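**Student:** need a structure here:
(one chain, ligands or ions: 2)
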Amino acid sequence: MNGYRCIACAETQVADFSGLVCPSCGGNLDITYDYAAIANKVAEGFGDGPTDLFRYAPLLPVTETDTPFPLRVGGTPLYAAPRLGESLGLRNLYLKDDTVNPSASTKDRAGAVTLRRAIDIGAEVVSVASTGNAGSSLACLAAALGMRAVVFVPEDAPVAKLTQSLSFGATVFAVRGTYDDAFDLCLAASDEFGWFNRSTGYNPFTREGKKTCAYEIWESLGGRVPDRIIVPTGDGNLLSGMWKGWRDLREVGLVDRVPKIDCVQSDASAAICLAVRRIRDSGQSELDWSKVVVEAVRADTIADSISVDQPRDGLAAVRGILESGGETVMVPDEEILAAIPEMARTTGIFAEPAAAAPWAAVKQLVHDGKIDADELVVCLVSGSGLKDTANAQKTVGSPLSIDPTIEAIKNAGE
Ligand SMILES: Cc1ncc(COP(=O)(O)O)c(C=O)c1O
Ligand SMILES: [Zn+2]
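**Tutor:** Ligands and ions are numbered 1, 2, ... in the order given. Purely as a prediction, here's the structure:
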């Protein structure tokens, strides 16, 4: 890494800048690299390094070390999903299964890189505001490293995510309010107590962790570039990370084109989709990013991980969608819920609501004639269904309750 650039006003900072956001305008920062130097190191790809995301160390903003990370973050499988794809006539559908990360979500990518950063700068306590997954991820990885984690979540976060965080020994504050309230409190508390704030979007190192998902997809496809990747979106950091990953690969000369990055949100929490549509409708081609505003909404979706009023990495996400030519897809909650068993029954992958949203988006895009049958489409499955069984249960009902007899099975229709 060789510095930072503000996503809004483009002001740059040197590599040893100690803040997390732009000192001039408060905008989010993007970490910059000396791509020419890195290109020499990765001209042949990433070699036979470790199987976790630290195999991409030349493109990560962490001090190189021989000490392996204690848990395996990243290195997750990309599965072909022929039966799921066939149901819509798609011949090249893939699922990136990030449910197999240590705390069972993509958030571990951000957690691993931000914790390594915390170690690099000597921070002892790391804080985070979370809808649930970033918190349980930080708690998990901090436990493995012997560090202290402080987690701020809205009090209605799914119980599994809270239980994970508590089991890992984090201090968990269940804030009587929304995720946005938890975010603001985490910011104020981190300033007050000197904690390293890993909150999504606000901390530029989170995007650097998430971008490794793009590198892995590229490697798993043997160097092919997908036509589109569908990313479930709340704060927009996962999406901006995915976009950054593909831009990095292009900058170091490993790919010559990049995929469309499609954004899926619940139609009840769609600040980023709406911002992109407003810009496209306005017909502006040259945008002054310091003037672009992502307006807040009143989020109210069952997909808790993507339930966000004010996206905290909204500008970077809007840029990623516009610059990659991605679609904006707003899906109703019923479609998100229906997608959970559809994916589970044809692929064996159990997704939490947010992570099933990309499949709901594929259905909508095919219905609208926006995906060709031969396109190479990747859905990011960003979190495990075990994190929110209450919502999954709404679509699959209860088991058949029977007496312990063969007769009872026959009576049940077998
Ligand atoms: C499972 C899952 N999917 C998607 C997202 C959305 O990521 P972002 O908030 O960066 O847009 C999250 C964020 O918490 C998540 O936990
Ligand atoms: Zn700025």
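**Student:** for the most centrally placed residue in the chain, give its distance to ligand 1.
**Tutor:** Nearest to the geometric centre of the chain sits L238, at 3.2 Å (CA atoms, centre = their mean). Look at L238 and ligand 1: by CB to the nearest ligand atom, to the nearest Å, they are 4 Å apart. All C-beta atoms are positioned from the backbone trio N, CA, C, and that covers glycine.
**Student:** and the helix or strand hosting that residue, what does it pack against?
**Tutor:** Secondary structure from DSSP states H and E places L238 in helix 237-251. The contact analysis (3 or more CB pairs under 8 Å, 6 or more residues apart in numbering; DSSP states H and E) places helix 237-251 against helix 35-41, helix 107-120, helix 204-210, helix 212-220, strand 228-232, strand 260-266, helix 314-324.
**Student:** L95 in helix, strand or coil?
**Tutor:** Assigned with DSSP: H, G, I helix; E, B strand; the rest coil, L95 falls in the strand class.
**Student:** gap between the helix holding L238 and the chain center?
**Tutor:** For helix 237-251, the separation from the chain centroid amounts to 12 Å (computed by CA atoms, centre = their mean, to the nearest Å).
**Student:** same check on stretch 154-173?
**Tutor:** 19 Å.
**Student:** try stretch 3-20
**Tutor:** Remark: stretch 3-20 is offset 23 Å from the chain centroid, using CA atoms, centre = their mean.
**Student:** neighbouring contacts of that stretch?
**Tutor:** Counting by CB atoms under 8 Å, 6 or more residues apart in numbering, stretch 3-20 makes contact with 1-2, 22-25, 27-32, 121, 197, 202-204, 289-290, 292, 315-316, 319, all of which sit outside it.
**Student:** can you tell me how far whatever residue of the stretch 251-400 of the chain ends up closest to ligand 1 is from A316?
**Tutor:** Nearest residue of the stretch 251-400 of the chain to ligand 1, counting by CB to the nearest ligand atom: G383, 2.7 Å away. Applying CB to CB, to the nearest Å, the value for G383 to A316 is 21 Å.
**Student:** who has more neighbours, those two?
**Tutor:** Shown here are G383 and A316; by other CB atoms under 10 Å, G383 has more neighbours (32 against 29).
**Student:** who does the more buried one bridge with?
**Tutor:** S105 (DSSP bridges).
**Student:** M1 contacts T32, correct?
**Tutor:** Yes - look at M1 against T32 with CB atoms under 8 Å: they come within range, at 6.9 Å.
**Student:** before we move on, what SS does the closest residue to A354 other than its chain neighbours have?
**Tutor:** Leaving aside its sequence neighbours, A354 sits nearest to S305 (CB to CB, 6 or more residues apart in numbering; 3.7 Å). Of the three states, S305 takes helix under three-state DSSP.
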